[in-house]
Every structure is written in C-alpha cells, then in structure tokens.
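**Student:** following is a predicted model, sequence given first.
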Amino acid sequence: MTERSRKVLVTGADTFWGARVLRALEGDPAVEMLLGLTSSAPAATFERTELVRAEPTYGVLSRVVRASQVDTVIHPCMIVDSAHASAREIHEANVIGTMNLLAAAGTSGSSVRQLVVKSSSLVYGSSEGDPATFREETPRAGVPQTDVERSLIEAEGLVRDFAQDNPSAAVALLRVSDVLGAGVVSSITKNLSRRACPCVGGFDPLVQFVHEDDVVRAVELAVRGRLDGTYNVAGPGRLPWSEVAATCGTRRLPLPPVCPALAVAPLARLGVFDFPPELGALLRYGRAMDTSRLVAAGFEYRYTSAGAVHCFARHLRLARRARRSLNAGIEPPQQRRSRGTPARGRRRGPRHEP
C-alpha cells in the first residue's frame, strides 16, 4: 500500500457521521477509492463514493472486503444516544455490527491494515467517584447503568481484542465527548434548542464539548497519521451547565434530585424534553477528559469547549430569528440578500472563533 493508493471503507453512509467522514475524505488525494456502507438511501450526495447496500449488522461485510481489497476501515456510526433507540437496536448496532465488522477485517488474508472506530466518552460514565479528568487508561468509577454504556464498553472490548490479534494493523479508538454543531441532532442539542432545558436540582456540573468539525478532523488525522491506540477527543476546558444553558438562550427547569427520570418521564413522552438515562448522570456529576495524547499526536483543536458552545448558540440565534421572521410573514434577510440587495456592514476577513 502506497500513500497515494488508499482504499477506504466507511460504515453508516446513511448516518450523519458516516456522511460527514465520507465527504471529508473525498477531498483527500491520497484516497484512491471510497466505499460507503449504507442500509438505506443516504440523504447526502457524494462525488466519488461508491455506495454498497448492507444491513445494519454488516453480515455481508466479509464479501465486500474481499472483493474491494480495502486497506482502511472507518466505523463512525455507533449509537451514543438512547433517547430514541431500543435496547435491542443499540445492541445490534454497537455490539453485533462491530463484531461483524471486525470479523470481516480480521479474516485470514484480509487486506485491512488500519481500523478507526468512533466511540464515546460514555464509556467513562458520570458518578460522584470520578477523577477530575479521565485519561485514556483511567477506569470508570462504577458499573455501567445504561444499555448504551454497556454496549459501548462491550464494543470497545471487541476492538481491543482485534488489535491484540492483529498486531500489524493500526487500530485507533476515538472516545468522543458530547458534540455540538449545526448538523448534530442529540438529546443535548435538542434540549438546548428549546425554551427550557432540564437540570438536576442542587447540581451545576462542569461539562465538556467538542465541535462537530473537530470530530471529523480527528478521524482524518487518525487515518492519515495511522494512529494506534485509544484517544480522547474533547474541546479544551469545561464550563458549568448553567452557563451552557444561558449562552444558548434557554432557561433551566430543575428536576428533583431523587429519581429525576421519573419526574421528567411525562414531559419526555410529550416531547418537552429528551432525557435518556445517560443524560441524567451527566447533569448531576458532569465529565471531563484529558486530551493531551491526541494533541501530542499532532492534532490542533479549532474550537475550545466554550468555543463549541458559543458557535452552537450563534446557530440557534439565527434559527430562532428565521422562525420569527417566517411566523411574522417577513422574508428572512438571507433571502433578501440573495435577490441582489447588498448586505450592509458585512465584514470581510477571517472569522474569529470564541
């Protein structure tokens, strides 16, 4: 394999992260061939990605790998939010899907020499016994309590077994913090987009975020740099949940500290809040990760944790302004400018991130 003959397969072309990674790699001249596995018609359009139909558990992947002779496999689409997924769906996607993927990549005579897997900071959990920051080798303080955490821990175990059985392959496991961005749909982004968001009464935890663009760039670095091992991916710094809510223009609605999930259940059924079990622990204790290992590997964050929050807040303000204009029957400024009206006071030059 030469540097200019990479053959890359990406799972979940019909998911947000699969599509984002594929579009990023389409601009890489070192990638000769791109395959995207999909179980449904992708919403995104691609320029040079070949799509291959496969069921979500990737049972046919062995034949795809043999036929295409791909050398790099990227798996960015594990479920990390259980708000709208059943325990069975989570297990099939995270555990069975990863198991079949690794079986195809590790079969005798396989051409795969690199594997990149996007996991989640949920493997560390959130509890009162947590350290100030989690390093990659830090064990979680307690037993996992949710289906999504158990599935991610099991999937990571399968990835580590694959790395041990295939020492010639570079295996990068990226543990990604909670992500913010205009395209990200999660329990956290949906709650912050509403007039009120949940919090646990008496708690104001320090939380950490990463911008969606930095997540994609971390995957790109793992591919180009042939990273090997486990890496935390999170924007530098932490900030209180109260500050996050205030920045995003939503007010906090306190839930009782005892059994908050029971109290919020009626609101969740009505669609007022999204409150999966893993979110309750985060809003009580928070979570922080040390990212020095990824930085030492050559990664430079474009957004701090606070910068990701401010960038997401700007997106929310524009979206709310557009909705108010539509409700009032006023044409949004962006459309007026597109008709030829010059934008007044538009500033030229580089955009400065907070």
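**Tutor:** Nice, I can see it. Predicted, not measured: the structure shown is a model, and the values here were computed from it. Numbering: from 1, shown residues only.
**Student:** give me the number of residues near Val143?
**Tutor:** Val143 has 9 neighbours, counted by other C-beta atoms under 10 Å. C-betas here are computed from N, CA, C, even on glycine.
**Student:** nope, Val244 is what I was after
**Tutor:** Val244 has 24 nearby residues by other C-beta under 10 Å.
**Student:** sticking with it, tell me its helix or strand.
**Tutor:** Assessed by DSSP states H and E, Val244 sits inside helix 241-247.
**Student:** what residues sit buried inside that helix?
**Tutor:** Trp241, Val244, Ala245, Thr247 (16 or more other C-beta atoms under 10 Å).
**Student:** list of residues touching it?
**Tutor:** With contacts defined as C-beta atoms under 8 Å, 6 or more residues apart in numbering, helix 241-247 is touched by 192, 197, 199, 204-207, 209, 251-252, 283, 286, 309-310, 313.
**Student:** using PDB, list the CA coordinates for it.
**Tutor:** Output of helix 241-247 as PDB, limited to C-alpha atoms (Å, rounded to 0.1, in the frame of the first residue of the first chain):
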ATOM      1  CA  TRP A 241     -24.200  23.600  32.700                       C
ATOM      2  CA  SER A 242     -25.900  26.800  33.900                       C
ATOM      3  CA  GLU A 243     -23.500  28.800  31.700                       C
ATOM      4  CA  VAL A 244     -24.200  26.500  28.700                       C
ATOM      5  CA  ALA A 245     -27.900  27.000  29.000                       C
ATOM      6  CA  ALA A 246     -27.600  30.800  29.400                       C
ATOM      7  CA  THR A 247     -25.300  31.000  26.400                       C
END
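**Student:** roughly how far out does the following helix or strand past that helix sit from the chain middle?
**Tutor:** Scanning forward in sequence from helix 241-247 by DSSP H and E, the next helix or strand is strand 251-255. Counting by C-alpha atoms, centre = their mean, to the nearest Å, strand 251-255 is centred 25 Å from the centre of its parent chain.
**Student:** same for the next helix or strand after strand 251-255, what does it pack against?
**Tutor:** Downstream of strand 251-255, the first helix or strand assigned by DSSP H and E is helix 260-269. Here helix 260-269 touches strand 196-200, helix 277-285, going by 3 or more C-beta pairs under 8 Å, 6 or more residues apart in numbering; DSSP states H and E.
**Student:** measure Leu318 to Thr189 for me?
**Tutor:** Distance, Leu318 to Thr189, using C-beta to C-beta, to the nearest Å: 15 Å.
**Student:** these two: which is more packed in?
**Tutor:** Thr189 (22 against 14).
**Student:** can you pull out the strands in this protein?
**Tutor:** 6-10, 31-38, 49-53, 72-75, 114-120, 170-176, 178-180, 196-200, 206-207, 209-211, 229-233, 239-240, 251-255 (DSSP state E).
**Student:** and Ala163, which of those is closest to it?
**Tutor:** Closest to Ala163 of the strands of the chain, according to C-beta to C-beta: strand 170-176, at 3.9 Å.
**Student:** contacting residues around that closest one?
**Tutor:** 80, 113-121, 123-124, 136, 156, 159-160, 162-163, 210, 215, 218-219, 222, 226-234, 289.
**Student:** got a ChimeraX select line for the buried ones in the residues you listed?
**Tutor:** Here is the ChimeraX command that picks out the buried ones among the contacts of strand 170-176, judged by 16+ other C-beta under 10 Å:
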select :80,113,114,115,116,117,118,119,120,121,123,124,136,156,159,162,163,210,215,218,219,222,227,228,230,231,232,233,234,289
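**Student:** for this structure, longest helix please?
**Tutor:** In the chain, taking DSSP state H as the definition, the longest helix is helix 305-327.
**Student:** any chance of TSV for the helices and strands packed on helix 260-269, columns mean neighbour count and mean pLDDT?
**Tutor:** Shown next, in TSV, are the helices and strands packed on helix 260-269 (neighbours: other C-beta atoms under 10 Å; pLDDT from 0 to 100):
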stretch	mean neighbour count	mean pLDDT
strand 196-200	21	95
helix 277-285	21	95
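**Student:** of the ones you listed, which approaches Val52 most closely?
**Tutor:** helix 277-285 (31.7 Å).
**Student:** alpha carbons only: can I get the closest one in PDB?
**Tutor:** Listed next in PDB are the C-alpha coordinates belonging to helix 277-285 (Å, rounded to 0.1, in the frame of the first residue of the first chain):
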ATOM      1  CA  PRO A 277     -30.700   7.700  31.400                       C
ATOM      2  CA  GLU A 278     -27.100   8.600  30.500                       C
ATOM      3  CA  LEU A 279     -28.000  12.300  30.400                       C
ATOM      4  CA  GLY A 280     -29.300  12.200  34.000                       C
ATOM      5  CA  ALA A 281     -25.900  11.200  35.300                       C
ATOM      6  CA  LEU A 282     -24.100  13.800  33.200                       C
ATOM      7  CA  LEU A 283     -26.400  16.600  34.500                       C
ATOM      8  CA  ARG A 284     -25.600  15.500  38.100                       C
ATOM      9  CA  TYR A 285     -21.900  14.900  38.000                       C
END
